[in-house]
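Chemist: what's the 3D shape of this:
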Amino acid sequence: MAKDEKSSVNRKAEIISAAIEVFAETGYYRATTAQVAERAKISQPYVFRFFATKEALLLSALEISWERIQESFRLVVESAATPEQLESDLIEAYKEILSSYMNETYLQMQAQTMREEPIREVMRDGFREVRRIVLSAFREKGLQNPEDRTFMFLARGMLCNISWALDMPELIEREA
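Modeler: Numbers count the residues shown, from 1 in each chain. Prediction:
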């Protein structure tokens, strides 16, 4: 990769990171590309060099957030030694994502309520792939009732998001 291409890729990633922060803090609809540019320490026209619209920027940010979860889960699936370890390792991987990439989670939570079809499609694709990864792994490891376990895993993940976003740990605390 040539130096200019590498610089361009890095700059695009920086813009997406800035957008994730701004969208998560301000909300997508209130956020502006000027705020994103300011956060990325670039000019607003430079944002449009990479992204034709604010929605295109959001779609890229959402795709990256889903790719992070999917890649993390794939690594867990590849490394889990036992069926019992698989589910707990997936949970730990998701907890790590929540703590390390909280703005991406906020962004996904916002996007779940947006009605624009391109946004809905990215969200559907992301959820479908996560579900596919988990269900396939549960089946391959021979876990009983893999469909039900996948359903519960995903439902618990959504509850974790809500618990974390609202700072309500009691939603997911379990008595021994």
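
Chemist: how close does residue 103 get to residue 51?
Modeler: According to CB to CB, to the nearest Å, residue 103 stands 18 Å off from residue 51. In this view, the C-beta of every residue, glycine as well, is placed from N, C-alpha and C.

Chemist: should've said residue 173
Modeler: Residue 173 is 41 Å from residue 51, by CB to CB.

Chemist: Settle it for me: which of these two has more neighbours?
Modeler: residue 51 (20 against 8; other CB atoms under 10 Å).

Chemist: Could you give me the buried positions within stretch 70-90?
Modeler: For stretch 70-90, burial by neighbour count (16 or more other CB atoms under 10 Å) applies to 72-73, 76-77, 80, 86-87, 89-90.

Chemist: Let's see the distance spanning that stretch from one end to the other.
Modeler: Its first and final residues considered, stretch 70-90 spans 11 Å by CA to CA, to the nearest Å.

Chemist: So what's the model's average confidence on it?
Modeler: What stretch 70-90 shows for mean pLDDT is 93.

Chemist: Could you count how many residues lie near residue 116?
Modeler: 13.

Chemist: which non-adjacent residue is nearest it?
Modeler: Excluding its sequence neighbours, the residue lying closest to residue 116 (CB to CB, 6 or more residues apart in numbering) is residue 55, at 6.7 Å.

Chemist: cool, and residue 70?
Modeler: According to CB to CB, 6+ apart, the nearest residue to residue 70 is residue 129 (5.4 Å).

Chemist: and the one you found, what element?
Modeler: Element membership of residue 129 [criterion: DSSP states H and E] is helix 117-140.

Chemist: so what's residue 21 up against?
Modeler: If you count contacts by CB atoms under 8 Å, 6 or more residues apart in numbering, residue 21 has them with 39, 103.

Chemist: which secondary structure element contains it?
Modeler: helix 3-26.

Chemist: same thing with residue 157?
Modeler: Residue 157 belongs to helix 146-165 when assigned by DSSP H and E.

Chemist: try residue 96
Modeler: Applying DSSP H and E, one finds residue 96 within helix 83-100.

Chemist: Identify the residues contacting residue 58.
Modeler: 19, 23, 28, 107, 111, 119.

Chemist: Against residue 66, how distant is residue 128?
Modeler: As for residue 128, its distance to residue 66 is 10 Å (criterion: CB to CB).

Chemist: closest to residue 96 among the contacts of residue 58?
Modeler: Residue 96 lies nearest to residue 107 out of the contacts of residue 58, by CB to CB, at 17.4 Å.
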